[in-house]
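how does the following fold in three dimensions:
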Amino acid sequence: MSIAIYPGSFDPVTCGHLDIIRRSSKMFDTVIVAVLNNSAKKPLFSLTERVALIEKCTADIPNCKAMCFDGLLVDFAEQQGATAIIKGLRTISDFEYEYQMAQLNKNLNSNIETLFMVTNANYSYISSSVVKEIASLGGDFTSLVPDEIYENVRQKIEKGR
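Residues are numbered from 1 along each chain as shown. Just a heads-up that it's a prediction; the model follows:
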């Protein structure tokens, strides 16, 4: 059974994230969307809320599950029986950073491979940070997040104003 981990903060999950989830779910028996708490960022949604949002927009993907984790990604991957880490790439700068992380993870656990997936060009400009900024300024972000969670994001932004 092939298991892959797709890690990120997913605050909130975007159409670009969902595209990578859908595509990777066709390649692996199980894809675990691993939600992490990035201490460098102030999240809009709690870990539990982010997992729930991912579950909401992946309900039609039977081999996908969302979980939160803390600690080293390779340790979490090993605990879950995963042999691959999926990383989505939007830009060259994404590649530079993710390449370094892949090398570091390979050094920590040589049994886990990192696979890079190039983001669909339709989503290459989307990030969770951009979604939050546009939404907080009252802009139209309907094409940036999955329909299933649009209202959740809008309400959370409204509550924070």
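
quick one: contacts of the biggest helix by length in the chain?
In the chain, ranked by residue count with DSSP state H as the criterion, the top helix is helix 92-108. Contact with helix 92-108 is made by Leu72, Leu73, Val74, Ile85, Lys87, Gly88, Leu89, Ile112, Glu113, Thr114, Phe116, as judged by C-beta atoms under 8 Å, 6 or more residues apart in numbering. Glycine gets a C-beta too; all of them are placed from N, C-alpha and C.

this structure: strands as residue ranges?
3-8, 30-36, 64-69, 84-89, 113-118 (DSSP state E).

any idea of the angle the longest helix of the chain forms with strand 84-89?
Relative orientation of helix 92-108 and strand 84-89, computed by axes from the mean of the first three to the mean of the last three C-alpha atoms, to 10 degrees: 160 degrees.

what angle sits between helix 92-108 and strand 3-8?
Relative orientation of helix 92-108 versus strand 3-8 (the same axes, to 10 degrees): 130 degrees.

centre of the chain versus helix 92-108, how much separation?
On the basis of C-alpha atoms, centre = their mean, to the nearest Å, helix 92-108 sits 16 Å off its chain's mean C-alpha point.

report the buried residues of it.
Asp94, Glu98, Ala102, Asn105 (16 or more other C-beta atoms under 10 Å).

what's the answer for stretch 12-26, then?
Those would be Pro12, Val13, Thr14, Cys15, Gly16, His17, Leu18, Asp19, Ile20, Ile21, Ser24, Ser25, for stretch 12-26 by 16+ other C-beta under 10 Å.

which of those residues lies closest to Lys132?
Pro12 (7.7 Å; C-beta to C-beta).

in the protein, where is pLDDT below threshold?
The model of the chain has pLDDT under 70 over residues 161.
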